[in-house]
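Enquirer: Here's a sequence, model it:
(chains A and B)
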Amino acid sequence: MRLAPQEIPSDAGFQIAPMIDVVFVIMLFFMVMAGAVKVEHELKTTLPGNAETAKETDMPDEVTIGVSESGQITINEDPVGQPQDRELEGLFNEMTKMAQAAKQSKTKLLITVQAEEAARYERVINVLDILAKADISNITFSVAEPE
Amino acid sequence: MAGGGGGGDGEPEFQVAPMIDVLLVLLIFFMSITSAQVLKVDKNIKLPVAVHGVKRDDKAAAGLINISWDASTGQAKYKLDDRELDINDKDGISKELAARKGTNEKFRLLIRADRQCQAKFISKALEWGAEAGIDNIAFSGLNRDE
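Expert: Reported below is the predicted structural model:
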């Protein structure tokens, strides 16, 4: 049995309803993706070294933050917080106080982050992140030589 | 002078055309913020979280060193952009970094290391940077955890 060919209307026209459906679906996709997007952030430091200058310079307040293999953080060799503590509230409070004191006395605050050789990169980034939160930018990073 | 005001009688009709305009604008907005932030990171590297870091400036010149971590051997693998580095060729790496830096004082070394990587392996990359005369170092992290 042969079916009669269906007639295609000559003026089918542009259908708006399916287009809106598709646009909605695409938009929902991008809305969901936008919330889950991961962005790369960077934490800036400099290498420790000697700068040769012709003029006399003020000596900055130098603070050494140690990062041990176990994850213990120290400020000038005094332990701060717990090794597994990611929030590092104690470090943040101390750093904020130091930054304010340096600002009031119009001196520079120089932070040296010194990690032990076997310290995890994640822990170093925790510390640098807290320093960024405390709005401290004059940071150098070094890895301690084994004794 | 009175404005158009419409017909007055009955309910105003639902206008499809302005709705499509708004929809398309929203669509373009979400498309742009999603596609502009696609992260191109080595899949072997699980970056740590750095919520308070600054957003990466793609326009600024940087030497990108990817450091992946092999937990079974306790060793790290280094890549300069996508090319694997021979860690014994310290001079060659430093020369390449120095050539990339050229006279650009703002050139920085961007370290992208796995969160489990040990600091001594990071130190090695910093040594190459120091040899090449690069003292601006940036460490990479993510805005949110996976």
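
Enquirer: Could you tell me how far the longest helix along chain B lies from the centre of the chain?
Expert: Using DSSP state H to define each element, chain B has its longest helix at helix B:16-35. On the basis of Cα atoms, centre = their mean, to the nearest Å, helix B:16-35 sits 26 Å off its chain's mean C-alpha point.

Enquirer: got a list of contacts for the next helix or strand after it?
Expert: Reading on from helix B:16-35 to the C-terminus, the next helix or strand found by DSSP states H and E is strand B:54-55. By Cβ atoms under 8 Å, 6 or more residues apart in numbering or on different chains, the list of residues contacting strand B:54-55 from outside reads A:39-44, A:132. Glycine gets a C-beta too; all of them are placed from N, C-alpha and C.

Enquirer: among those, which are within reach of chain B?
Expert: A:39-44, A:132 (Cβ under 8 Å from any Cβ of the partner chain).

Enquirer: which of those sit farthest apart?
Expert: Spanning the widest gap among those are A:V39 and A:K44, at 16.2 Å by Cβ to Cβ.

Enquirer: Tell me the backbone dihedrals of B:A71, please.
Expert: Per-residue torsions, B:A71: phi -70, psi -30 (degrees, to the nearest 10).

Enquirer: Correct me if wrong: it contacts B:Q116.
Expert: Yes: between B:A71 and B:Q116 there is a contact under Cβ atoms under 8 Å: 6.4 Å.

Enquirer: Output the ones next to chain B among the contacts of strand B:54-55 as a markdown table; include the columns pLDDT, neighbour count and secondary structure.
Expert: A markdown table is the format used below for these (pLDDT from 0 to 100; neighbours: other Cβ atoms under 10 Å in any protein chain shown; DSSP: H, G, I helix; E, B strand; the rest coil):
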| residue | pLDDT | neighbour count | secondary structure |
| --- | --- | --- | --- |
| A:V39 | 78 | 14 | coil |
| A:E40 | 81 | 20 | strand |
| A:H41 | 85 | 24 | strand |
| A:E42 | 84 | 24 | strand |
| A:L43 | 87 | 25 | strand |
| A:K44 | 84 | 16 | strand |
| A:A132 | 90 | 21 | helix |
